[in-house]
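Colleague: how would this look folded up:
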Amino acid sequence: MQKNKWCVVQDGERGIAAVLLVAGKCYCQRCGNNDQTRFYQYFCESCQADCWYCRDCVSFGMMTTCQEIYVNQEKFSMPAVTYQWSGVLSEQQQHASERVQQLFQQRINSMVYAVCGAGKTEMMFETIYDALQHNCRVCWATPRADVVKELKPRLQQAFQGIEIVAHYQNSPDSHRDSPLVVATTNQLIRYYEAFDWIIIDEVDAFPYTIDEKLKRFVQRALSPNGSITYLTATPSIRLQKEFDSQTLIQLPARYHRRPLPVPSIKLLGTSKSIFSFP
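Modeller: Numbering: from 1, shown residues only. Take a look at the predicted model:
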């Protein structure tokens, strides 16, 4: 199986311009930015000419009109994966798991809208196993690095025979790759058309909700025939409208089916004692 990954061009190899300049307009071929207000021109010491660079992804390293990037044809031999999770899904969880798997097999985007503690992670396991069995690459992405660190050992315990790689800032896995990757959404800038299935966990979390380039990273990391599954407990109205009754999978209860506790507010003392100052 052969997949692609963005890298900075190496010596002796030809790539494509990192920032493409056509008819006086710039386009960043690393992050996909085409907002002209997000490009800046400066005198470049490397080429001794005026260069443009993309301000949207400059935090990942400056890329200019005189620099090149290339798509690295990464070859993976899919190992024999063993599914070791010993838990049992409830009837509702199993239904959600099977629906996610059906939509993935059809390469249709979906969203799992489930309360906190509903078992969204475990409901993805069967589809991950199915994807790996069919030589598909999977990425579990989330805006938060702490979630990546917590997910990797859980996935590693469930899927034996495959080395799972975690990408986040200063990760020890930063120079390694795998058919099964756990990463922050920032780190998807590494990849181009690499994954057949991307799971976006906590899609409602900062900074994914306000940073458009992170959404572009996800789309560019997805293979042409790939699909995305969003996991959330608090989706925005706009996100919900992107899915219909067939692709929006809802789970309003936790595994134990007991109602969630609803907090109540009780004031102790009088308003005079609360708001008076010495």
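
Colleague: List the buried residues in stretch 174-190.
Modeller: 177-190 (16 or more other Cβ atoms under 10 Å). Bear in mind the C-beta positions are built from the backbone N, C-alpha and C, glycine included.

Colleague: Which members of those are the farthest-apart pair?
Modeller: Farthest pair in the buried residues of stretch 174-190 (Cβ to Cβ) is Pro179 and Asn186. Separation: 21.0 Å.

Colleague: Inside strands: which ones of the buried residues of stretch 174-190?
Modeller: The strands, defined by DSSP state E, take in 180-184 from those.

Colleague: For those, please prepare TSV with the additional fields distance to Tyr27.
Modeller: Conversion of these to TSV gives the following (distance: Cβ to Cβ, whole Å):
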residue	distance to Tyr27
Leu180	32
Val181	27
Val182	30
Ala183	25
Thr184	25
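
Colleague: between those, which is nearest Tyr40?
Modeller: Closest approach to Tyr40 among those (Cβ to Cβ): Thr184, at 25.9 Å.

Colleague: residue contacts, the closest one?
Modeller: Thr184 sits next to 141-145, 148, 167-169 when contact means Cβ atoms under 8 Å, 6 or more residues apart in numbering.

Colleague: same thing but 10 Å
Modeller: Counting by Cβ atoms under 10 Å, 6 or more residues apart in numbering, Thr184 touches 141-148, 166-169, 171, 207-208, 214, 217.

Colleague: what do you get for Asp56?
Modeller: Contacts of Asp56 were listed using Cβ under 10 Å, 6+ apart, and they are 28, 30-35, 38-39, 211-213, 216.

Colleague: if we go to 7 Å?
Modeller: With contact taken as Cβ atoms under 7 Å, 6 or more residues apart in numbering, Asp56 is in contact with 28, 31, 33, 38, 213.

Colleague: likewise Ala183?
Modeller: With Cβ under 7 Å, 6+ apart, Ala183 has these contacts: 139, 141, 148, 166-168.

Colleague: Sketch out the low-pLDDT regions of the stretch 51-200 of the chain for me.
Modeller: Low-confidence regions of the stretch 51-200 of the chain, defined here as pLDDT under 70, cover residues 74.

Colleague: residue boundaries of the helices in it?
Modeller: Here the stretch 51-200 of the chain has its helices, by DSSP state H, counting those that start in this stretch, at 91-105, 120-123, 125-133, 145-158.

Colleague: Tell me the helices and strands packed up against the last one.
Modeller: Contact analysis of helix 145-158 by 3 or more Cβ pairs under 7 Å, 6 or more residues apart in numbering; DSSP states H and E lists strand 165-167, strand 180-184 as its packing neighbours.

Colleague: Enumerate the positions of that helix that are buried.
Modeller: 145, 147-148, 151-152, 155-156, 158.

Colleague: Among these, which one lies nearest to Ile237?
Modeller: Nearest to Ile237 among these, with distances taken as Cβ to Cβ, is Val147, at 24.0 Å.

Colleague: I figured that closest one hits Asp201, correct?
Modeller: Yes. Using Cβ atoms under 7 Å, Val147 is in contact with Asp201, at 6.4 Å.

Colleague: the strands in the stretch 151-278 of the chain, which residues?
Modeller: Counting by DSSP state E, counting those that start in this stretch, the stretch 151-278 of the chain has these strands, from start to end: 159-160, 165-167, 180-184, 195-201, 222-232, 248-251.
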